[in-house]
Structures are given as structure tokens and as C-alpha cells.
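Peer 1: Fold the following.
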Amino acid sequence: MGKDGQEDYESPIARNEHDPDRALARVYLVGGGIASLAAAAFLIRDGDVLGHNITVLEELDKLGGSLDGAGSPSAGYVLRGGRMLESKYLCTYDLFSAVPTLDGSRTVTQETFAWNETMKTSSKSRLFRGGHRLDAPEFGLSEGHILRLERLAIEPEGMLGNSRIADEFDSSFFGTDFWYMWCTTFAFQPWHSAVEFKRYLVRFAHMVPGFSRLEGIMRTVYNQYDSLVRPLQKWLDERGVRFELSTRVTNLDLHEDAGRNRVERIAYERGGRAGAIEVGPKDFVIVTLGSMTEASSLGSMDSAPILRGKADGGAWTLWEKIAAARPEFGNPSTFADHIDESKWISFTITQHDPTFFRIVRDSTGNVPGEGGLITFLDSRWLLSIVLPHQPHFLGQPDDVNVFWGYALAVDTPGDFVPKPMSACTGKEILTELLGHLRIEAEAGLILETSTCIPCMMPFITSQFLRRERGDRPQVVPAGWTNLAFVGQFCELRDDVVFTVEYSVRSAQAAVYSLLGLKREPPAVYKGTYDPRVLYRAFMTLHDLGS
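Peer 2: Residues are numbered from 1 along each chain as shown. Here you go, the predicted structure:
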């Protein structure tokens, strides 16, 4: 890695020949999340497509998709979640090596690497039990557990089929501190796909030695909307990309002709009126399939969020329409029809008093931004929180603190609030959190000076659900000449969903394939081919250090 993480991310602009036909092509991007924004950038940077010939169609009134961040000090800030980064996200850093920060002082990639040299993640309290932190918790795996993990890592995906993680391990595995740290770091559940679990084991093998301290985890300076989405949107704006917000794509008119299939028309709704876009013979369409934050619902200090479904947004219904009788488009029902297996609740807390942050700092031994995720093992909700470096939002006042948390068991009664989390107000969620931190004397002050906004997300881990081969379509489906799929629900060999990297990699693959560019995204890093990585992981799994 070179200075500021830059030397490994050479811009490819000079390596591509200019193609005048591509400059005239129009490209329509369905969805305004990071996958579509990345695709727009690669179209311009690597594909010679003119910015004003690119249109992004987004059903919400704001870009960014799941990389969101909104609110104010008075009403409270909202983050539905936070994606973690790490140094091997080669596609992401390639993309942002060409995107300046909002102040133009350097690239986003340079800023991110420099920031993580300053604020290194090293948790002294990854787990809490009995109101006290566990210093450097051991994994607690038996020899049988370790052998099964090792076997899973080398087992072909075809042999695993659509099995669950729970099908591959006995019940004792799910009581180990390894599992508690794993499932809360990545949001896995025992009923999730064993194939996805295997991919994570292989993809992050190099991070196993620092796992109990979250070492190697990288974060942006601010929330990812401010640090990633806003600079990328600004870069695209400056190049003339058109953003059609509050525009729901309702269908694609498709012409199928013996392997020369194409999209001919895009149907949409805007402001209660229907419209259509004609797709020309040289034009392309790139669709973000599904959405892990579709149909999200916010609560308040005095109200619980409600549970919505796929009919409350356009992403899943669009996929269902176009996939009907087209197996090459995948199977959306695998991911959209099992809300009880994919939902959980996050919450964002805005505070106007420093007491809570002071108590957590003293209890954990970490300053905000240094410790990462804190999980409360005694919590029947399996509650976790993250205290980021402050300010976490651009423009956030100095006397305001913001943090985020979530829980996986949202239908289970709490330990201090005898209600399922799904039925709890923001005040009740904060009360439950204060109980697990054993905060009593200061509880009244903290409740009076805090705003907790819960968020129910019915599809947040839908990409982890068990699947069959073909349920996720290829980025460019066989037989289609001007259509590509991007996001978390297309198939990319070796890489892992629920990451920014997966969305960006899909965008890069879509652009290069559709435009016929003679290049590919950077290869997925495979630490399991490095004996040193395997040795350190082996020692750590046995709680022998590295």
C-alpha cells in the first residue's frame, strides 16, 4: 500500500481506447444506491460515456440507498446502519481513488486510509457480560467446531446446497463467544445460508487474528452518506449525470428474440402519473435488484416502528414482474417472502448531554471511534451498539453526540423492558440499553436529553437467506444484450454480500461487460492461499494467539 493507500489504485482512464459509439449511448440506471452511483462513475471514467447521457431513476427523494444519513440535532439523526470497510475492498478504493472529498483536498480513498491511520479500531470491550466488559474474549471453540469450520471453508458450494448454518454445526457452537462475535459483527442468524457463511469465512480469513478486537476494520470519517455518497454524487453532478428522484420504475418492456433479447421501454410513475422512456438500439439499462432497506419504518421516542412488506416499495415488485417466466432473472421470492427470517431493528440515538458517552468510554476503555461494536451477551435481544468518532454528521454541533445500535432477536421480550423490541418505543429501547450498562443514577438525565429513533427493516438480511443455484441472476443474464443487474442480489463468485464492496464490484462488472471493455474488476483477495494467513487463523481459532 502506498502513501494514503493510493499507489495500488492506478486510474485506468489512460489504458482505455476512446470509442465514439459509447459516447453517444444513453444509459438508464434503476435505483439510486451505491451500486447505481458506482456504475455511473465507471461508465464515465472507464467507458467514455458522456455524463449527460446517464440517467438515474430513484423512487425515494434522496440518493444513497442503504448508505443513508439524515436528521438534525433537534429532531434527531437517523442511520439505518453502518457498513464496515477493510483494506482488501479493492473495487471500492478503485472507485473512490478518482472521487475528491467534498472540500477537494484529496480523494475519498486517500482520506479513508489516512483517517484509519489516525483512528485505528482496537476494541477493548467487544463483549459485555454481567455488566462488565470482557477483555480479549476467547473464541471458546471445541476441536470439533474448528474442524467443521475448516471443512466448511474448503467444501464446494454445490455440496452445501441450500443448507442452513444450523445444519452444519451442533447447538453448542451457537453458545460460543466466537459465534456471538461473528453473528453480531456480520448480522448472521443460525437459519441463514451456510454458503454465505462459508464465503465469509474464506473472504475474511485474514482478519480472524484481530477479530475479538475488530482490528483491521476501517471506517469513514463521517457516516457513509456524508463521506461516500455525497462526494460521489457531487462528482457525477459535475459531469452532467441526471437524477430523477421520486420516480418509481414499475416495469420493463422486454423484447425476446433468440438470444438477442433487450429492454425496449422503461415504465415509471412520478407524482401519481405514469410515464415511459424509450430505450434506443444503442442504449443500456442497469437495474439494482431488490433492496435490503426497502419498506423501512421509523418510530420515535413515543412510538414503535411498524412492520411493512414488499408492497410498500417498488424494488421487489419490479423484480417479480420481470422475473416471471424468466429463470435467468433469478428468483426474488427466495429473498422477499421470508420477512421473519430477515428482519431486525436498528436505532439511532442523538444526545445533548455527554454523560452517556463518558460512562461508556470509562466502561469500555475506548474513546468513541476506537472500539467499534459492543455486544451485550446477557441481552435477550442480543443488543449491540457502536459509538463512532464525533462528529458523525457534517454540521453536527460540538455539544451533540450520535451513536447507533441494533438487535437480532426483535420478537423476544427484553430484560429490563418486558416487551419485544419490535413493540418498543425509542424511550423503551434506550431504557433497555441503560439497564445492560448498569446505568441507574444518571438514567433520568440521559433519557431526558436523548432522542432515540428506532427503525424496522423487514429485508435487512434477506441477502443471507438460503438459496438455490440460480436464485441470484448473473450480472449480465445470458441472452440479454443491453441489460445488467447490480447490487446485493446478483451473483458474484467469491465475494460476500452485505458489503459496499459487493455493490461496487457488481457495478464495475456490469459496466465492463455491457460496454465490451477488455478488462475486469480487481480479483477478490484470497487470503486462504497465503500460508501465513492460514497459520495465524488456525492459532487464533484455538485461542493460542497468532
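Peer 1: mind listing the helices in the stretch 301-450 of the chain by residue range?
Peer 2: 315-323, 333-336, 355-364, 426-436, 443-448 (DSSP state H, counting those that start in this stretch).
Peer 1: Would you agree residue 538 falls within a strand?
Peer 2: No. Checked against DSSP: H, G, I helix; E, B strand; the rest coil, residue 538 lies outside a strand; its state is helix.
Peer 1: what separates it from residue 200, distance-wise?
Peer 2: Counting by CB to CB, to the nearest Å, the separation of residue 538 from residue 200 is 17 Å. Every residue, glycine included, has its C-beta placed from N, CA and C.
Peer 1: Wait, a strand at residue 511?
Peer 2: No. Counting by three-state DSSP, residue 511 is not found in a strand; it is helix.
Peer 1: Who are the packing partners of the worst-scoring helix or strand of the chain on mean pLDDT?
Peer 2: None of the helices or strands of the chain scores lower by mean pLDDT, DSSP states H and E than helix 20-24, at a mean of 72. Here helix 20-24 touches no other helix or strand, going by 3 or more CB pairs under 8 Å, 6 or more residues apart in numbering; DSSP states H and E.
Peer 1: Now with 10 Å, please.
Peer 2: helix 34-47 (3 or more CB pairs under 10 Å, 6 or more residues apart in numbering; DSSP states H and E).
Peer 1: Quick check: next helix or strand after the helix it packs on?
Peer 2: On the C-terminal side of helix 34-47, the closest following helix or strand by DSSP states H and E is strand 54-57.
Peer 1: Stretch 448-463 spans what distance, first to last residue?
Peer 2: Chord length of stretch 448-463, first to last residue, is 38 Å (CA to CA, to the nearest Å).
Peer 1: quick one: buried residues of that stretch?
Peer 2: 450-463 (16 or more other CB atoms under 10 Å).
Peer 1: Closest one of these to residue 48?
Peer 2: Among those, residue 463 lies closest to residue 48 (CB to CB), at 32.4 Å.
Peer 1: Confirm that that closest one sits in a helix.
Peer 2: Yes. Under three-state DSSP, residue 463 falls within a helix.
Peer 1: hang on, it packs against residue 186?
Peer 2: No. Residue 463 lies out of contact with residue 186 (CB atoms under 10 Å); the separation is 11.4 Å.
Peer 1: Could you list the low-confidence segments of the protein?
Peer 2: Where the chain drops to pLDDT under 70, the residues are 1-20, 545-546.
Peer 1: Apply 50 and report the result again.
Peer 2: Residues of the chain that meet the criterion pLDDT under 50 lie in 1-17, 546.
Peer 1: thinking again about what came up before, residue 538 and residue 200: which is more packed in?
Peer 2: Under the criterion of other CB atoms under 10 Å, the comparison of residue 538 against residue 200 puts residue 200 first, with 19 against 16.
Peer 1: quick one: secondary structure of that one?
Peer 2: helix.
Peer 1: For it, which residues are in contact?
Peer 2: By CB atoms under 10 Å, 6 or more residues apart in numbering, the contact list for residue 200 reads 182, 185-186, 188, 464, 496-499.
Peer 1: Repeat that for residue 170.
Peer 2: Here residue 170 is in contact with 142, 144-145, 148 (CB under 10 Å, 6+ apart).
Peer 1: Give me the distance from stretch 54-72 to the chain's centre.
Peer 2: Averaged C-alpha coordinates place stretch 54-72 at 15 Å from its chain's average position (CA atoms, centre = their mean, to the nearest Å).
Peer 1: now swap in stretch 44-61 and tell me
Peer 2: 22 Å.
Peer 1: So residue 164 sits against residue 467, correct?
Peer 2: No. If you go by CB under 10 Å, residue 164 and residue 467 don't touch, sitting 11.4 Å apart.
Peer 1: which residues do these two both contact?
Peer 2: With CB under 10 Å, 6+ apart as the test, residue 164 and residue 467 both reach residue 193.
Peer 1: before we move on, back to that, what sits in contact with each of residue 463 and residue 186?
Peer 2: Taking CB under 10 Å, 6+ apart as the contact rule, residue 463 and residue 186 both touch 192, 196, 496, 498-499.
Peer 1: Closest one to residue 250 out of these, please.
Peer 2: Checking these against residue 250 by CB to CB gives residue 498 as the nearest, at 27.3 Å.
Peer 1: SS state for the closest one?
Peer 2: coil.
Peer 1: Got phi/psi on the closest residue to residue 134 other than its chain neighbours?
Peer 2: Among residues not flanking residue 134 along the chain, residue 127 sits closest, at 4.4 Å (CB to CB, 6 or more residues apart in numbering). Here is the backbone geometry of residue 127 (degrees, to the nearest 10): phi -120, psi 140.
Peer 1: Please verify my assumption that residue 477 contacts residue 483.
Peer 2: Yes. Between residue 477 and residue 483 there is a contact under CB under 10 Å: 6.8 Å.
Peer 1: if I've got this straight, residue 454 is in a strand?
Peer 2: Yes. The assignment for residue 454 by three-state DSSP puts it in a strand.
Peer 1: mind listing what it touches?
Peer 2: By CB under 10 Å, 6+ apart, the contact list for residue 454 reads 78, 297-301, 303-305, 345-349, 405-407, 410, 421-422, 424-430.
Peer 1: what is it paired to in the beta sheet?
Peer 2: residue 347 (DSSP bridges).
Peer 1: returning to that earlier point: which residues are common contacts for residue 477 and residue 483?
Peer 2: Common neighbours of residue 477 and residue 483 (CB under 10 Å, 6+ apart) are 261, 329.
Peer 1: So for these two, which residue has more residues nearby?
Peer 2: The residue with more neighbours, out of residue 477 and residue 483, is residue 483; 22 against 17, by other CB under 10 Å.
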